[in-house]
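Engineer: Got a sequence here, can you build the structure:
(one chain, ligands or ions: 2)
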Amino acid sequence: MERTLSIIKPDAVRKNVIGEIISRFEKNGLKIAAMKKIWMTKQEAKGFYIVHKDKPFYDSLTDFMSEGPIVVMVLEGENAIAKNREIMGATNPANAAPGTIRKDFAENIERNAVHGSDSPETAAFEIKYFFSELEIF
Ligand code: RTP
Ligand code: MG
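Structural biologist: Ligands and ions are numbered 1, 2, ... in the order given. Next comes the predicted model:
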């Protein structure tokens, strides 16, 4: 069993599609091992996306991720990291496959509805950023 961090981003929370997104994870065999709704400060968003600190989109991305509440989850299952990214679809919704979350709910390459860890190392960092081991079941 593998764990990954998933975020429903501010654009999707505002669209009122939290349930529809979670349902796609469950239908694909991923289990919600932990979940909460939070509102990050700009500083907290910058800490979360520290790997992107030198990218041109870092400032805009962290403004977006702190503009409203988000839902953070730990998803658990076989190949959870890859499976979650498959369900999410490509970063840019214009390139996302039909039936993926980003194809159906993302607005553009930045306001793209969901986040998912991209490796075991980032998953470990990202899960710890939001959850204590005592909150994950
Ligand atoms: P994520 O980390 O959110 O799961 O998305 P990802 O792996 O598909 O994309 P990544 O390259 O890690 O980028 C992180 C987030 O930054 C925003 N972004 N904006 N304006 C741009 O060119 C651009 N590129 C990326 C997106 O919100 C992306 O999900
Ligand atoms: Mg990424």
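Engineer: What strand or helix carries Ile32?
Structural biologist: Under the assignment given by DSSP states H and E, the secondary-structure element containing Ile32 is strand 31-38.
Engineer: partners of that strand, with directions?
Structural biologist: strand 70-77 (antiparallel) (DSSP bridges).
Engineer: Give me the residues contacting the strand it pairs with.
Structural biologist: Taking contacts as Cβ atoms under 8 Å, 6 or more residues apart in numbering, the residues outside strand 70-77 that touch it are 1-10, 13, 18, 22, 25, 29-40, 83-84, 127, 130-131, 136. In this view, the C-beta of every residue, glycine as well, is placed from N, C-alpha and C.
Engineer: rerun that using 7 Å as the cut-off
Structural biologist: When contacts are taken as Cβ atoms under 7 Å, 6 or more residues apart in numbering, the neighbours of strand 70-77 outside the stretch itself are 1-10, 13, 18, 25, 29-38, 40, 83-84, 127, 130-131, 136.
Engineer: Those residues, buried ones only, as a PyMOL selection?
Structural biologist: The PyMOL selection below is limited to those of those classed as buried (16 or more other Cβ atoms under 10 Å):
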select buried, resi 2+3+4+5+6+7+8+9+10+13+18+25+30+33+34+35+40+83+84+127+130+131
